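> What follows is a predicted protein model with its sequence.
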Amino acid sequence: MEKHEKIMKDLNLIHIKEATRDILDYIDKRRKGQIRSLKTRWTKFNKQYGGIEWNTFYTFAGVSGSGKSSIVNELETSLFDFNQGEDFVVLSLNYEMMSSRQVGRKLSSKVQKSVSELYSKVVNITDEEYSRIQQEAKAIENYKIYYSEIPDTVNGIKTLIEKFCEYHAGKGVIVMLDHSRLVRSVVGKDETQTLNDLATMFMILKKQFKLSLFLISQLNRNIEQAERLQNPVGHYPIRSDLFASDAIYQCSDYVFVLHRPEILNIPVYGPHKLPTAGMAYLHCIKARDDEPIIISLKANLKFNKLDEA
């Protein structure tokens, strides 16, 4: 029997008895409050999906200008603001902008001043306003966020995440990657193959640590086609709108698309005739064990905010 179990282990096989024990242990710990998901600032998201779950791969996609970077800002900020006392850290692989600029966006949403106002040589910031900025900056300093600004290959990212998780053993780890198209390809692989490898790597890694992964991705241009813009039934994003790689959809547990129909000059949105002025809609187009829904958000991107409508 021991020889049989050793062979199965060497083959990386798990007997259904072990899997059954694992799920019973998980259910028991959840009902006792020993395992808790992380809350976001969006009540409807928390109610429908239980917040942010561990060992889960999330993809957030959108067209340029839809507010994808604001999603990262809102998630990172709300995870710490709404989950005080939870033991976790964030690894933010933000290849699009410097870490200081990321902090600038967080300050912008906290003090209700645009990034351009905060950085401006022309706009006068009063002593009182600067004191508030310093106060919020001091609070942000306590967020357990580590930034990586230098784009890397899929293998380089995998190694970084593994070492980060091993160093923070015993803690939960949230990984944010913004965005997928900035991951470096190796010689002999095109962008689609690189995205396939990235999605597969995320799917495998989520099982090895107390880890949740967030991939920020692009949409292709299909959603901007005239026949879809003119037909309300075609307004909502679908699976084939994801850029380049179907593997991202297949490997993700949840796929969300942030869409601002206003930027496509759509006055009334979709078959539900939703308003578009100042609005963004977070569409769940794939949900593991849950129903897809649409979350209405007020798009105050001047302050990098996406508040529940």
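Here it is on my side, so go on. None of these values were measured; they are calculated from a predicted model.

> Please make it C-alpha for all contacts and neighbour counts, starting now.
Noted.

> was I right about K144 contacting V89?
Yes - between K144 and V89 there is a contact under CA atoms under 8 Å: 5.1 Å.

> between those two, who's got more neighbours?
V89 (21 against 13; other CA atoms under 10 Å).

> Pull the contacting residues for that one.
V89 makes contact with 144-146, 171-174 under the criterion CA atoms under 8 Å, 6 or more residues apart in numbering.

> Quick check: phi and psi at K144.
K144 adopts backbone torsions of phi -90, psi 70, taken as degrees, to the nearest 10.

> Which neighbouring elements make contact with the host helix or strand of E117?
Following DSSP states H and E, one finds E117 within helix 115-119. In terms of contacts (3 or more CA pairs under 8 Å, 6 or more residues apart in numbering; DSSP states H and E), helix 115-119 is packed against helix 99-111.

> picking up where we left off before, what residues does the helix holding E117 touch?
The contact list for helix 115-119 (CA under 8 Å, 6+ apart) reads 104-105, 108, 123, 125, 302-303.

> Give me the contacts around the helix or strand that that helix is followed by.
Note on helix 115-119: by DSSP H and E, the next helix or strand toward the C-terminus is helix 127-140. With CA under 8 Å, 6+ apart as the test, helix 127-140 has contacts from 103, 106-107, 110-111.

> can you pull out the strands in this protein?
Secondary structure of the chain (DSSP state E): strands at 56-62, 88-94, 145-148, 172-178, 211-218, 254-259, 268-269, 274-275, 279-287, 294-300, 305-308.

> Tell me what angle the fifth one forms with strand 254-259.
By that I understand strand 211-218. Relative orientation of strand 211-218 and strand 254-259, computed by axes from the mean of the first three to the mean of the last three CA atoms, to 10 degrees: 40 degrees.

> Strand 211-218 pairs with which strands?
With DSSP bridges as the test, strand 211-218 is paired with strand 56-62 (parallel), strand 172-178 (parallel).
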